[in-house]
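# below is the sequence, then the predicted model.
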Amino acid sequence: MVSQEQRRRQLAREKFLRQQQRRTSARRKARMRNAVIASVLGVVVVGSVALYTTGALKGDDKANANAEVSPSASAPSKAPDPCEKPAEGKVTSQTWKKEPAMTIDKSAKYTMKLATTCGDIDIDLKASAAPHTVNSFSFLAGKGYFDHTKCHRLTTNGIYVLQCGDPTGQGTGGPGYTIPDENLKDESLKGNTYPKGTVAMANTGQKDSGGSQFFLVYEDSKLPPSYTPFGTVSESGMKVLQKIAKAGESTGAGDGAPNATVVIDKATVTKS
């Protein structure tokens, strides 16, 4: 027969075991709850990093061009397109093996007119200071090379330029030849700044690697003097550029395709 003292000890031991079981169960539930919370936070953090990384990609990077965005995802607001529909026609696919022969008169005055879907952009060209560049643009415009091409890139942070001249519309195209750098000591390039209204050649970062791509500066931009300045936008042309810039770019990161549908319907170089 179990004594009263033994019975008391047995009940105390059973009570202790029940308490231990409850504590163990509570700790297990807490670990599971924390694991779920950590998992959710991990997804949020990874998602945030992915969004940041994607946002930092440049407009020339095609890796994310066709990525889908869920309706609930945060996306940069897009301003209304201020431009008209492009004229009918196709982009030429012509290329040439070498720079065209010099045909311009270096002492004459030349202008280039970009008839775009957003308005006409008139440019005074610097034939005497950048003869190879102006000669190349005269040749390409005469061949219809720029007609129906998109201005594929707008930057709105740090530097302020609209980039055009690529028949592929991806930032990878060119005429098949390159031209030498010119006019890099132009008196307008003070303090590593390309002033508002400058038209200059884009390049690969290597010497003498300019092709057909060029950029138009709509606000003073800090850049090293490595890009041939070969023209100046007219006052009326600047109003068109400002309209394009005001519409913003597609990524929200300050470097992407312009929200405005900027297409060069016709480019013309004229001697006057």
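Perfect, thanks for sending it.
# what sits against the nearest residue to L223 once chain neighbours are set aside?
Setting aside the residues directly before and after it, L223 is nearest to Y194 in space (Cβ to Cβ, 6 or more residues apart in numbering), at 5.0 Å. Every C-beta, even on glycine, is put in place using the N, C-alpha and C of the backbone. By Cβ atoms under 8 Å, 6 or more residues apart in numbering, Y194 lies in contact with A200, V217, D220, S221, L223, Y227, P229.
# do the same with R153
R153 neighbours (Cβ under 8 Å, 6+ apart): G59, D60, V161, L162, Q163, G171, F215, E249, D255, G256, A257, P258.
# ok, it to T172 distance?
From R153 across to T172, the span is 12 Å (Cβ to Cβ, to the nearest Å).
# which of the contacts of R153 are buried?
If you count burial by 16 or more other Cβ atoms under 10 Å, the buried members of the contacts of R153 come out as G59, V161, L162, Q163, G171, F215, E249, D255, G256, A257, P258.
# just say helix, strand or coil for the third one.
Three-state assignment for L162 (DSSP: H, G, I helix; E, B strand; the rest coil): strand.
# distance of it relative to L189?
L162 is 19 Å from L189, by Cβ to Cβ.
# the fifth one too?
In this structure, G171 and L189 are separated by 24 Å, where distance is defined by Cβ to Cβ.
# what of the fourth one?
Distance, Q163 to L189, using Cβ to Cβ: 18 Å.
# swap in the last one?
As defined by Cβ to Cβ, P258 lies at a distance of 25 Å from L189.
# okay, and the beta partners of the residue nearest to L223?
Note on Y194: beta-bridge partners S221, judged by DSSP bridges.
# can I assume I104 is in contact with N135?
Yes: counting by Cβ atoms under 8 Å, I104 touches N135, with 4.7 Å between them.
# the strand ranked longest in the chain - what's its average pLDDT?
Taking DSSP state E as the criterion, the chain has its longest strand at strand 263-271. If you average the pLDDT over strand 263-271, you get 98.
# try stretch 114-133
On average, stretch 114-133 scores 98.
# likewise for stretch 236-247?
The model assigns stretch 236-247 a mean pLDDT of 98.
# for that stretch, buried residues please.
Quick answer for stretch 236-247 (16+ other Cβ under 10 Å): G237, M238, V240, L241, K243, I244, A245, A247.
# can you give me the helices in the stretch 51-200 of the chain?
131-142 (DSSP state H, counting those that start in this stretch).
# strands of that one, start to end?
110-116, 119-125, 149-150, 153-155, 161-164, 193-194, 198-201 (DSSP state E, counting those that start in this stretch).
# closest one to A141 among those?
Between A141 and the strands of the stretch 51-200 of the chain, the shortest gap by Cβ to Cβ is with strand 110-116, which sits at 6.8 Å.
# helices and strands around that closest one, which ones?
Packed against strand 110-116, as judged by 3 or more Cβ pairs under 8 Å, 6 or more residues apart in numbering; DSSP states H and E, are the following elements: strand 119-125, helix 131-142, strand 263-271.
# tilt between the last one and strand 119-125?
Strand 263-271 and strand 119-125 meet at an angle of 30 degrees, taking axes from the mean of the first three to the mean of the last three Cα atoms, to 10 degrees as the criterion.
# same check on the second one?
Inter-element angle recorded for helix 131-142 and strand 119-125: 150 degrees (by the same axes, to 10 degrees).
# in helix 131-142, what counts as buried?
P131, H132, T133, V134, N135, S136, F137, S138, F139, L140, A141.
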